[in-house]
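[1] can you look at this prediction? I've put the sequence above it.
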Amino acid sequence: MRSVTELPLHGGRAPRWLFGRMVKLSQAISTVIIDEFGPDELVRRIADPNWFQALACAIGYDWHSSGTTTV
């Protein structure tokens, strides 16, 4: 069953130290997916909004953060 989730917009930024860690973690996750399954699989997963939201949560964004759309 598919549904729509509405996420509120929030102002502000992630602290520089946290953003740097988020970048490193997302690079590591991307590298593993590409090494194991190929670049097409990474694109397929990133295109899935539920997977993309889960990735954003895994790297440190708040679950309801509008910032995930700008990753």
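    Perfect, I can see it now.

[2] which elements pack onto the top helix by length along the chain?
    The residue-count maximum for a helix in the chain (DSSP state H) belongs to helix 16-37. Using 3 or more Cβ pairs under 8 Å, 6 or more residues apart in numbering; DSSP states H and E, the elements in contact with helix 16-37 are helix 39-47, helix 49-59. In this view, the C-beta of every residue, glycine as well, is placed from N, C-alpha and C.

[3] next one, pLDDT for residue 15 please.
    Looking at residue 15, its pLDDT reads 84.

[4] ok, now which ones touch it?
    By Cβ atoms under 8 Å, 6 or more residues apart in numbering, residue 15 lies in contact with nothing.

[5] how about it, phi and psi?
    Dihedral pair for residue 15: phi -60, psi 150, per degrees, to the nearest 10.

[6] worst mean pLDDT among the helices and strands packed on helix 16-37?
    helix 49-59 (a mean of 89).

[7] got the buried residues for that one?
    Going by neighbour count (16 or more other Cβ atoms under 10 Å), the buried part of helix 49-59 is 53, 55, 56, 59.

[8] work out which residue lies at the spatial centre of this structure.
    Nearest to the mean C-alpha position of the chain, by Cα atoms, centre = their mean, lies residue 56 at 2.8 Å.

[9] that one contacts residue 49, correct?
    No - using Cβ atoms under 8 Å, residue 56 is not in contact with residue 49; the gap is 10.3 Å.

[10] need the overlap of contacts for these two.
    Contacts common to residue 56 and residue 49, judged by Cβ under 8 Å, 6+ apart, are absent.

[11] JSON lines for the helices and strands packed on helix 16-37, including distance to residue 13?
    Listed next are these as JSON lines, based on distance: least, Cβ to Cβ, whole Å:
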{"stretch": "helix 39-47", "distance to residue 13": "22"}
{"stretch": "helix 49-59", "distance to residue 13": "15"}
